[in-house]
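> Here is my input; please provide its structure:
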Amino acid sequence: MDIKGKAKVDKRTKNLVKRLHSSDIAVIDHADIDELSAEALLHCKPKAVINASSSITGKYPNAGPLNLIKAGVPLIDAAGPAVMKDIEEGNEVLISGEEIICQGKWVARGNLLTESAVRRKMKTASLNLKTELSKFVDNTLEYAQKEQGLILGEYPVPRLRTKIQNKYALVVVRGSGYQEDILAVKSYIDEVKPVLIGVDGGADALLELGYHPDMIVGDMDSVSDKALLSGAELVVHAYTDGRAPGMERLQQLNLDEDAVVFAAPGTSEDIALLLAYEKGAELIVALGTHSNMIDFLEKDRPGMASTFLVRLKVGSILVDAKGVSKLYSQRLRPKYVAQIFLAALIPLVVVMIVSPATRDFLKLLLVQVKLLLRI
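Reported below is the predicted structural model:
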């Protein structure tokens, strides 16, 4: 197997996909490729992916590598640090079997992953889940003690210009399966017109469907300039000591004067849910959020204390729409379509038979047919 293409190189997969095209070969350094990163890579349709690190280390059964391979994208695994050092952006790269050649020079050798090999690795990783779960629970409880102030009012919620009181709110996070889920709730958005809150890249997901986010919450590192300049209210998630690295980017775009800062522990999606709750939302629909251990392990977080606490507080008005697209994934069978068509046809036939004008028309039509056939 020989694959040729231009290299797009980046240690951060989410930055790489902004420049990746179908004629390119992605060169990444991403241990344990998560589902969201795999989805982003697949959306760009690269010729192949070269990973300097192990795509599945065995820490947990991450499904990203399997999704890439099942979609037909060759994945050269554990190629080593040389691919990041010796391959530059735009270089011509040749993958010959498992050998990686750049600009005519041999660079490294990786492992061409197969579906069966990945499934074996995932099965082995599943055996490690009990240990990881134990650590995860311990860390969650430990951090919950430290972060309980998040729901006890120790971190003042900033004043917002966006009116949420007595309205429905939709919080969109760019998590696994978010694209399908947001399409599944499109009719809900059109009909109810909830306050649209994008968490970092979730704002871009809304823009892709033609919606303008009312608010963008996050550290501003994975949201596009287009979204930031869309007119949405900007809430920068800061550390508890007040440091807000996201403000630097807003300063570059001259957006810092109107932005507000929310200094609080936890994830940006947690504070987005908390903001909607504290500002009086009648109902909160969360889409694409991280809500289980695998989600958090994919984000390289040791626990989910803040998420546990926030959901404990807002749970009475929270609807989690993650995975909603799977509920409606079954397509209509042809026989059902035929039955619907016949059911709609019956009243039409009855009206035609009962109506005098229609009856006369049918008689004339019958006469014409007889004349044509000389009956």
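> Where does the prediction get shaky in the stretch 151-300 of the chain?
Applying pLDDT under 70 to the stretch 151-300 of the chain flags the ranges 291-293, 298-300.
> what about Gly104, neighbour count?
Neighbour count of Gly104, defined by other CB atoms under 10 Å: 7. From N, CA and C alone the C-beta is placed, and that goes for glycine too.
> Roughly how far does it sit from Asp295?
Distance, Gly104 to Asp295, by CB to CB, to the nearest Å: 43 Å.
> again with Glu132
To Asp295, Glu132 is 13 Å away according to CB to CB.
> beta partners for Leu170?
Beta bridges link Leu170 to Leu196, Val285 when assigned by DSSP bridges.
> what sits against it?
With contact taken as CB atoms under 8 Å, 6 or more residues apart in numbering, Leu170 is in contact with 185, 188-189, 194-197, 284-285, 287.
> Looking at those residues, which is nearest Ala108?
Of all the contacts of Leu170, Leu287 has the smallest distance to Ala108: 40.1 Å, by CB to CB.
> And the closest residue to the closest one other than its chain neighbours, what's its pLDDT?
Spatially, and ignoring its direct neighbours in sequence, Leu287 is nearest to Ala321 (4.4 Å; CB to CB, 6 or more residues apart in numbering). At Ala321, the model reports a pLDDT of 82.
> you'd agree Ala321 is up against Val185?
Yes - here Ala321 reaches Val185: they are 5.8 Å apart, a contact under CB atoms under 8 Å.
> For the two, list the residues in contact with both.
Contact criterion CB under 8 Å, 6+ apart; residues shared by Ala321 and Val185: 285, 287.
> The two: which has the busier surroundings?
Ala321 (21 against 18).
> quick one on the thing from earlier: looking at Glu132 and Asp295, which one has more neighbours?
Legend: neighbour count by other CB under 10 Å for Glu132 and Asp295, higher for Asp295 (19 against 16).
> returning to what we had before: closest to Asn51 among the contacts of Leu170?
Using CB to CB, the shortest approach to Asn51 within the contacts of Leu170 belongs to Leu287, at 29.3 Å.
> Show the contacting residues for that closest one.
Each residue near Leu287 by CB under 8 Å, 6+ apart is listed here: 170-173, 178, 181-182, 185, 202, 321-322, 324.
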